[in-house]
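[1] what follows is a predicted structure for the sequence shown.
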Amino acid sequence: MTRIRLHVGQGTHRGALTVFPVWTDAAPVTGLLTGAAAQVDVVERAGSPSVDQLVVTNRTERPVLLLAGELLEGGWQNRTLTASTVLAPATPTVLPVLCVEHGRWGGGEVHRRQARRAPVALQPDLEHPDAQARVWRRVSGYTAVAGPSPTDSLLDRLDRTRPEAERLTAGLAPLAGQSGVLLGIAGRPVSLELFGSRRALAEHWTPLLEAAALDALGRPAVRTTAALARVFAERVQGTDLTAVRGAGAGRRYGGGGRVRVDDVRWHDRTVHLTAIDLTHPVLEAS
């Protein structure tokens, strides 16, 4: 079991997007840094840059949580992390990544990290055997709602649709004690993200909603009901999880069928849990 009790509050409906606050009974996790405030250096591999690898170094004195789908901007091309991980301090680590900018290969060695996020539609593809080709198809698919990009860059699409994202999410902020968020698009729950504390959720709040807004563009403006949201949360709670590969200084667990759950723990406490409905229309092939 996930060992976590989830409590879903009243949703806010804007266009195709419905945003539900999520609480748990768990005490907040402290001692980790995450989000844009965490000082992390990201560079290409020395001497021979590789599309699927970057070198990441935690420059703080505390562990840092990085999330699957975080975007690493610049370098030879924009990339995204394939899995959530906990980085120990002061230890350069080669992490697996995927390209989200098909038309560029060349530039500087250093990446910017602003903790921006890839939309949920990309995330189930990140560890697929044919991951890179699938991600490129997903990124190109956003042309229909976000227009073309000279280098077929996901960042270009997020930048172009930011005004619409700001309109959809204006006035939304984490509530007291809230440490998670459940997202519905076009009348159905699509994902749930839970963090170890309200502070960690707040660090990722804006990038998470901007990414969700990109998935919501062009979808029917149908409210996702609280009843469906709670059924989704119950399914997440009831998912049996087993240990899977990777998580750096943390441990990682996964499981599920229609709803896939990925749970990263540190000192046996959940610091980030993601659940995605793999049958949702936003995940249909581009």
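    Sure, I can see it.

[2] so where's the protein shaky on pLDDT?
    For the chain, residues meeting the criterion pLDDT under 70 lie at 1-3, 285-286.

[3] check contacts around the residue most central in space within it.
    Note on the chain: the residue nearest the mean C-alpha position is residue 69, at 4.5 Å, using C-alpha atoms, centre = their mean. Residues in contact with residue 69, defined by C-beta atoms under 8 Å, 6 or more residues apart in numbering, are 80-81, 117-118, 122-123, 126, 211. (Glycine included, C-beta is placed from N, CA and C.)

[4] out of those residues, who's the most crowded?
    Sorting the contacts of residue 69 by how many neighbours each has (other C-beta atoms under 10 Å) puts residue 118 first, at 28 neighbours.

[5] which neighbouring elements make contact with the lengthiest helix in the chain?
    Determined from DSSP state H, the single longest helix within the chain is helix 198-216. In terms of contacts (3 or more C-beta pairs under 8 Å, 6 or more residues apart in numbering; DSSP states H and E), helix 198-216 is packed against strand 17-24, strand 33-34, strand 110-117, helix 154-160, helix 162-169, strand 180-185, strand 188-195.

[6] now do 7 Å
    strand 17-24, strand 110-117, helix 154-160, helix 162-169, strand 180-185 (3 or more C-beta pairs under 7 Å, 6 or more residues apart in numbering; DSSP states H and E).

[7] and it with strand 188-195, angle?
    Counting by axes from the mean of the first three to the mean of the last three C-alpha atoms, to 10 degrees, helix 198-216 lies at 150 degrees to strand 188-195.

[8] which strand residues bridge residue 98?
    For residue 98, the beta-bridge partners are residue 80 (DSSP bridges).

[9] tell me how many other residues surround it.
    The burial count for residue 98: 24, using other C-beta under 10 Å.

[10] again with the one 5 residues further on
    Other residues near residue 103 number 12, with proximity taken as other C-beta under 10 Å.

[11] which residues touch it?
    By C-beta atoms under 7 Å, 6 or more residues apart in numbering, the residues touching residue 103 are 150-152.

[12] including secondary structure, could the residues you listed go into JSON lines?
    Formatted as JSON lines, these follow (DSSP: H, G, I helix; E, B strand; the rest coil):
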{"residue": "150", "secondary structure": "coil"}
{"residue": "151", "secondary structure": "coil"}
{"residue": "152", "secondary structure": "coil"}
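
[13] out of those, which is most surrounded?
    Of all those, the most densely surrounded is residue 152 (19 neighbours; neighbours counted as other C-beta under 10 Å).

[14] residues contacting it?
    Residue 152 neighbours (C-beta under 7 Å, 6+ apart): 101-103, 139-140.

[15] please repeat the previous calculation with a cut-off of 6 Å.
    Residues near residue 152 by C-beta atoms under 6 Å, 6 or more residues apart in numbering: 102-103, 140.

[16] try residue 178
    Going by C-beta under 6 Å, 6+ apart, residue 178 touches 21, 23, 198.

[17] quick check: the second one touching residue 8?
    Spelled out, that is residue 23. No - counting by C-beta atoms under 6 Å, residue 23 does not reach residue 8; the two are 8.2 Å apart.

[18] number of nearby residues for residue 278?
    Here the number of neighbours of residue 278 (other C-beta under 10 Å) works out to 12.

[19] so it versus residue 215, what's the distance?
    14 Å (C-beta to C-beta, to the nearest Å).

[20] could you do residue 75 as well?
    Residue 75 is 25 Å from residue 215, by C-beta to C-beta.

[21] which of these two has more residues huddled nearby?
    Neighbour count, other C-beta under 10 Å: between residue 75 and residue 215, residue 215 has more, with 26 against 22.

[22] count of residues packed around residue 88?
    The number of residues near residue 88, taken as other C-beta under 10 Å, comes to 13.

[23] nearest residue to it other than its sequence neighbours?
    residue 249 (4.5 Å; C-beta to C-beta, 6 or more residues apart in numbering).

[24] separation between that neighbour and residue 45?
    21 Å.

[25] these two: which has the busier surroundings?
    residue 249 (18 against 13).

[26] residues contacting that one?
    Residues near residue 249 by C-beta under 6 Å, 6+ apart: 63, 86, 88.

[27] mind checking which of these land in strands?
    Of the contacts of residue 249, the ones assigned to strands by DSSP state E are residue 86.
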